[in-house]
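> Compute the structure for the input listed below.
(chains A and B)
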2 protein chains.
Amino acid sequence: MDLECGSEEPAKQGLLARLWPKIKTFSNNVKSEVFEFFTTLRKLGQDDPRRVVHSLKAGLALTLVSLFYYYQPLYDSFGVSAMWAVMTVVVVFEFSVGATLGKGVNRGLATLFAGALAVGAHQLANLSGRIGEPIVLSFFVFLQAAISTFARFYPKIKARYDYGLLIFILTFSMISISGFRDDEILELAHKRLLTVLIGGSTCVTISVLIFPVWAGQDLHNLIASNMEKLGIFLEGFGDEYFKMAEDGESKEGRSFLQGYKSVLNSKNNEEALANFARWEPRHGRFQFRHPWKQYLKIGALTRQCAYRIESLNGHIHAGIQVKPEIRCKIQETCTRMSMESGEALRELSMSIKTMVKPFAADIRIDNSKSAAKNLNSLLKSGLWGDERDLLEVVPVATVASLLIDVVSCTARIAESVHELATMLNFEAVEPLVSPETEPEIVIS
Amino acid sequence: MDLECGSEEPAKQGLLARLWPKIKTFSNNVKSEVFEFFTTLRKLGQDDPRRVVHSLKAGLALTLVSLFYYYQPLYDSFGVSAMWAVMTVVVVFEFSVGATLGKGVNRGLATLFAGALAVGAHQLANLSGRIGEPIVLSFFVFLQAAISTFARFYPKIKARYDYGLLIFILTFSMISISGFRDDEILELAHKRLLTVLIGGSTCVTISVLIFPVWAGQDLHNLIASNMEKLGIFLEGFGDEYFKMAEDGESKEGRSFLQGYKSVLNSKNNEEALANFARWEPRHGRFQFRHPWKQYLKIGALTRQCAYRIESLNGHIHAGIQVKPEIRCKIQETCTRMSMESGEALRELSMSIKTMVKPFAADIRIDNSKSAAKNLNSLLKSGLWGDERDLLEVVPVATVASLLIDVVSCTARIAESVHELATMLNFEAVEPLVSPETEPEIVIS
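Model prediction:
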């Protein structure tokens, strides 16, 4: 035996030696992945510390309702049904007040209606005797599950009451089926409703009282920051496009030119936030029936503008092809159009953020429109000399045309922000724009 | 009394007469809304009959698991715990196999791990005496709820294991808290796991066996149909743009030009389907580790193309401004570029649908590229005469430039479809393209 062991030892060591590099790579991979995981986690917390607070709030809510189990007098009145309160907290507690309220109300109302209906179904099924009862009950369960499941496809219902229908199916099935074994289903339904209400109200209370996260506020900020992102792109575009042409490559990092990309796909996020916001009560500067639809409208127009900017971004490298003599003729006007629309968007964003009437943006919009007119007259005046080679002109003409589109998109956004300002009675503060930015018509 | 009644009667009638129009309007409104509701419901069913089938399947699954309550031998072994099976069916049964499987596996594994951990936590808490126990338990519940809730913000976890973490919190809290009142928590944990598995496997079985809806197939079709929508737009664009210019208005309905709009916002839908599809086993032409990422890549490129088309669509009315002498020079080439890229996209879409190598599309792409070259030489050749007014040229130049963008987008899409074809060993079938569509270089 000893001999055998002795002869195996070197073989084992040889195997280990051969496997060692692989094991090392593997363990390094695992190490770097674990490191990355924790770095991402820390970044998640740093980017939005409300996430950390939310996690602690969820822990607190759960610990609070578990008192129903620990504290004897409370346990005496609810018994094991207290578990429903725990379950309610786990599934209802969401990041924003609106989402929590929406789920809570959905769950509460659905439990109430489904409980009442299930008690009715149980009474009906009772009439059909011990053998008929499960058949009648099965029929009811099948029918309501099929109808409710189908209703969940209805877009308006899906947006606001999807969770309610799920709980409706759940509660109806649970109580009507339980009725077959337990005749005290009135008490069961009553206890379930009560514990769901306790769980739901715990969630809502904690969600509203401790560092509340309002979906409405988030939507408000999202719309404003999306506009700002487009503004940042446009402010930088002119310089980037023409500097590209001069230097052949950009000196600065171009990350500020990529910020707008998230705007392209923000539709679902905006709609979800608006759906949550509708549940929220008055808070801060937001009323219960705040015009969230107008925010969605502004968001849609902003996205329209982002699509134009995406096309513009595709041409940012084409600046290099433009001949200097053509460039110098339109550089100023194009940069001005882009800059002024960009600043208009930033002013509009600021106007939404501070809830002040967008007077400052109006001036920028007028400037950008007059720059667009300038460009038109430049193009008309034929100061292109004998430039017969249209191929040289096409890239510039495209950028000019896209910028004209952007100017009109910006004007439409400004219009809808004005509508919002009227709806919400934004404060009227005189714009603090220095006279040098007054529209100046360049006659060339 | 009689007198009083008599005097009230006419007053009542007067009130009724005054209210009657309002009541009528109200009832008409309600009628039309109810009518609209049912029309939409019928349309939902007609658009996708799988929705009706899904609803019936959900009803069936629920009715099946409710047998655990009705049938005495089954009830004897599970008792009221059978309710967990009912709950599992309600929350796990989803539209597609992938979503159902994903939720089922998440729920099963989360219940297993959370149950085991909760039993451990219960043993630990037991050591600290009757007074210390609730404190230790509360601490554990708080800790795991906070950590798990925070982990749900992690993007990769959110995409695939969000539901699992929810169930983890739920099961851990439920079993560890129950342990305080009931010492047979091993049995509780065991029963919960078993009933969850029964419910989950019922869902998965019904979902797979009865008219299965595969998320992978849906993603496959969505990617193909999105491409087709862009193709339809491009095929119609040339005619529409130049006909607009001729007639002043379009004769046909323009609904076919609006189909592409849904592509702009399809990102979330595609990602959700890909997440579900990853759970799905081999089915039909799809393997377990099908390259779903490649589909997402194709989808992203298609969206890039859709943004260009959105810009093009904004210029469709500008065709009217183009002077006839300019138009006739480029109409043929532009229409050809648009038509050929459109047909290329349709061929690519067809290639994905039928899983045949996209040879036919390659020819179209070559055609569109040679048309783009043609356009370039047209622009270069200066056959614009003495057209000094660049303003006349800008709209045409923009459309031409956007079309050139579209051609290169299409080429990129074709490339990624080729990659997919290689990954999946698409069938190689000789293209059936008639010779008349061979690239023809117009020398002008």
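> can you pull the contacts of A:W279?
A:W279 makes contact with A:97-99, A:101-102, A:105, according to Cβ atoms under 8 Å, 6 or more residues apart in numbering or on different chains. (Each C-beta comes from the backbone N, C-alpha and C, glycine too.)
> Ok, A:L186 next?
A:V119.
> Show me which residues of the helix or strand harbouring it are buried.
When elements are assigned from DSSP states H and E, A:L186 belongs to helix A:185-209. Residues of helix A:185-209 classed as buried by neighbour count (16 or more other Cβ atoms under 10 Å in any protein chain shown): A:185, A:188-189, A:191-200, A:202-204, A:206-207.
> Also stretch A:72-90?
Buried residues in stretch A:72-90 (16+ other Cβ under 10 Å): A:75, A:78, A:81-90.
> Likewise for stretch A:264-272?
So stretch A:264-272, judged by 16+ other Cβ under 10 Å, has buried residues A:264-267, A:269-272.
> Now find how far off-centre it is within its chain.
From the chain centre to the centre of stretch A:264-272 is a distance of 5 Å (Cα atoms, centre = their mean, to the nearest Å).
> what does that stretch contact?
So stretch A:264-272 is contacted by A:159, A:219, A:222-223, A:226, A:295-296, A:299-300, A:303, A:306-307, A:310, B:264-265, B:267-268, B:303, B:307 (Cβ under 8 Å, 6+ apart).
> Mind doing that once more with 10 Å?
With contact meaning Cβ atoms under 10 Å, 6 or more residues apart in numbering or on different chains, stretch A:264-272 is reached by A:96, A:98-99, A:159, A:215, A:218-219, A:222-223, A:225-226, A:229, A:262, A:273, A:292, A:295-296, A:298-300, A:302-303, A:306-307, A:309-310, B:264-269, B:271-272, B:303-304, B:307.
> returning to that earlier point: can you pick out the most distant pair from the buried residues of stretch A:264-272?
A:L264 and A:A272 (16.7 Å; Cβ to Cβ).
> residue ranges for the strands of the stretch 201-350 of chain A, please.
Under the criterion DSSP state E, counting those that start in this stretch, the stretch 201-350 of chain A contains no strands.
> in it, which spans are helices?
Ranges of helices in the stretch 201-350 of chain A, per DSSP state H, counting those that start in this stretch, are A:215-247, A:261-264, A:267-277, A:292-314, A:324-354.
> Mean pLDDT and distance to A:E36 added to those helices, as CSV?
Below are the helices of the stretch 201-350 of chain A laid out as CSV (pLDDT from 0 to 100; distance: least, Cβ to Cβ, whole Å):
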stretch, mean pLDDT, distance to A:E36
helix A:215-247, 86, 27
helix A:261-264, 90, 22
helix A:267-277, 93, 25
helix A:292-314, 92, 30
helix A:324-354, 87, 34
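> mind checking which of those is nearest B:P395?
The nearest among those, by Cβ to Cβ, is helix A:292-314 at 14.9 Å.
> what's the closest one packed up against?
Under the contact definition 3 or more Cβ pairs under 10 Å, 6 or more residues apart in numbering or on different chains; DSSP states H and E, helix A:292-314 sits against helix A:215-247, helix A:261-264, helix A:267-277, helix A:324-354, helix A:390-423, helix B:261-264, helix B:292-314, helix B:390-424.
> Would you reformat those as CSV and include distance to A:G14?
Converted to CSV, these look like this (distance: least, Cβ to Cβ, whole Å):
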stretch, distance to A:G14
helix A:215-247, 60
helix A:261-264, 54
helix A:267-277, 57
helix A:324-354, 67
helix A:390-423, 66
helix B:261-264, 59
helix B:292-314, 40
helix B:390-424, 39
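> And the ones you listed: which comes nearest A:H283?
Taking Cβ to Cβ, helix A:215-247 is the member of the helices and strands packed on helix A:292-314 nearest to A:H283, at 7.2 Å.
> So is the closest one next to chain B?
No. Shown here: helix A:215-247 not in contact with chain B (Cβ under 10 Å from any Cβ of the partner chain), separated by at least 14.0 Å.
> Just give me how far that helix sits from the chain centre.
Distance of helix A:215-247 from its chain centroid, counting by Cα atoms, centre = their mean, is 18 Å.
> For A:S416, see how far away the residue lying closest to A:P291 once chain neighbours are set aside is.
Closest residue in space to A:P291, ignoring its immediate chain neighbours: A:M423 at 4.8 Å, by Cβ to Cβ, 6 or more residues apart in numbering or on different chains. Note on A:M423: its distance to A:S416, by Cβ to Cβ, to the nearest Å, is 10 Å.
> Which residues are in contact with each of these two?
Contacts common to A:M423 and A:S416, judged by Cβ under 10 Å, 6+ apart, are A:Q294.
> Counting neighbours, go ahead and name the busier of those two.
Shown here are A:M423 and A:S416; by other Cβ atoms under 10 Å in any protein chain shown, A:S416 has more neighbours (18 against 11).
> The more buried one and A:K297 touch, don't they?
Yes. At 5.5 Å, A:S416 counts as touching A:K297 under the criterion of Cβ atoms under 10 Å.
> Now do the domain split for chain A, please.
Residue ranges for each domain of chain A read A:45-209, A:215-424, as given by the TED database.
> I appreciate the help and will end here.
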